[in-house]
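**Student:** Model the structure of this input:
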Amino acid sequence: MSVWSSLKFNCGREIANRFVIAPLTTDASREDGTAPDNELEFVRRRAASGFGAVISSAAYVAEDGRSWQGIGAAHEGHLPSLRRLAEAMRAAGGLAILQIYDGGRIAKPELIGEQMMRAPSAVASLRPGARTPRAMTSDEVENLIASFRDAASLARKAGFDGVEIHGANHYAVHQFFSPRANRRDDKWGGTLAKRMNFPLAAAQAVRDALGPKLIAGFRVTPFEVEADGYTLEDAKLLCSELAKLNLDYISVSQDDYRMSRPAPETRVYSGPVERSNTPSESPVTAFARVIAGRSAVMASGGIKTCADAEGAIKLGADLVAVGRAVVVDPEWLSKVRSKSEASILAGLPKEASEIAGALSIPPRMVEYLLSRPGWIPRL
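**Tutor:** As a prediction, the model looks like this:
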């Protein structure tokens, strides 16, 4: 299998090559959840290099679930902005996929109001300064599932080729699956089977809203590094159930696909991090085996060269999502395709103004990137 070969999804849509732009948080949208011109240009310039597909920054499905100042897919008022975004993502003819999320207990109080914070259970995140949310009622859980369905319907109306559910990185869908965050004793929590109910219900709602001819994907954290978190074996069971829903792909969210290293909830990206439950087997390989071709598998994290992408394919991935490398170098894929990898930019410029101007990164996104030391290299 070549990284330059095409792949046909279950729904019939075809991706021209195996390279995908990973969902990248911009934190650069307007307060009303619409994308300004500089955010669209950030996407357009990177998509123009010929990726098979582009996955958007995560769009919030509910106003009280916003974790940053990003795009919205919460109501009809967001539709014109979503249409412009889909157009920008197709700059070179690749597929446009809208990622959707809810923040749950890591929603940002400044955006939603502290009294609005809700989550599967009244358990605070491990992030520094985290506030304790209130537990959602059964009706609120059902309403949130409906919000995922409605967001997928908006994506269809806006002309996207598909939708990815953000079920990773400690946002709400992940929280329902996590025994650390979900202490419920109803149909939505308790046993492993019940903790799978929300992710499966959200995935089914999205699949139904999209219909059979659009792409439905799901992004999952393969295990939790924190003590008492869910394990790779737990996540394999979830992914096997997800594959039964005729999803087109399952994306494995990791900081580095080679090192079985998903993001910690604390979001500490430098220095020592206490880790538990680290498996000896590659999550990409484990998921590929249990999914067994029923859905495509997407690997992410640490892909900087064509050899890196080929390494992920050898582990069992069908697709590779490129994130930090394409933030640093908007023309990354063009250089990989022309075998000019020696000219790929190795890090962000030192000056914030140069980052914004030379790399077409919105100033608010520059601030966001620089607030996460160690995540992206600097020159």
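
**Student:** any low-confidence regions in the stretch 251-379 of the chain?
**Tutor:** Under the criterion of pLDDT under 70, the regions of the stretch 251-379 of the chain flagged as low confidence span 268-277.

**Student:** mind listing the strands for it?
**Tutor:** 296-300, 319-322 (DSSP state E, counting those that start in this stretch).

**Student:** Show me what the last one packs onto, helices and strands only.
**Tutor:** Counting contacts by 3 or more Cβ pairs under 8 Å, 6 or more residues apart in numbering; DSSP states H and E, strand 319-322 is packed against strand 19-21, strand 249-252, strand 296-300, helix 306-315. Placement of C-beta: from N, CA and C, glycine included.

**Student:** partners of that strand in the sheet?
**Tutor:** Strand 319-322 has the following sheet partners, assigned by DSSP bridges: strand 19-21 (parallel), strand 296-300 (parallel).

**Student:** List just the one of the ones you listed that sits closest to Ala135.
**Tutor:** Evaluated over the strands paired with strand 319-322, closeness to Ala135 peaks at strand 296-300, with 31.6 Å, by Cβ to Cβ.

**Student:** ok and that closest one relative to helix 306-315, angle-wise?
**Tutor:** 140 degrees (axes from the mean of the first three to the mean of the last three Cα atoms, to 10 degrees).

**Student:** Name the surrounding residues that touch strand 296-300.
**Tutor:** Strand 296-300 is contacted by residues 7, 9, 20, 22, 217, 248-254, 257, 284, 287-288, 291, 312, 315-323 when judged by Cβ atoms under 8 Å, 6 or more residues apart in numbering.

**Student:** got the contact list for the nearest residue to Ala209 once chain neighbours are set aside?
**Tutor:** Ranked by Cβ to Cβ, 6 or more residues apart in numbering and with sequence neighbours excluded, the top spatial neighbour of Ala209 is Ala152, at 3.8 Å. With contact set as Cβ under 8 Å, 6+ apart, Ala152 has these partners: Ile100, Val163, Ala205, Val206, Ala209, Leu210, Ala216.

**Student:** burial measure for the last one, as a count.
**Tutor:** Taking other Cβ atoms under 10 Å as the neighbour definition, Ala216 ends up with a count of 29.

**Student:** before we move on, back to that, highest mean neighbour count out of the strands of the stretch 251-379 of the chain?
**Tutor:** Each of the strands of the stretch 251-379 of the chain was scored by mean neighbour count; the highest is strand 296-300, a mean of 27, by mean count of other Cβ atoms under 10 Å.

**Student:** mind saving the C-alpha coords of that one as CSV?
**Tutor:** The C-alpha coordinates for strand 296-300 follow below in CSV (Å, rounded to 0.1, in the frame of the first residue of the first chain):
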residue,chain,number,x,y,z
ALA,A,296,-10.4,2.6,7.9
VAL,A,297,-7.8,3.4,10.7
MET,A,298,-6.2,6.8,10.9
ALA,A,299,-2.9,7.3,12.7
SER,A,300,-1.6,10.7,14.0
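
**Student:** mind listing what's buried in stretch 346-356?
**Tutor:** Leu348, Pro349, Ile355, Ala356 (16 or more other Cβ atoms under 10 Å).
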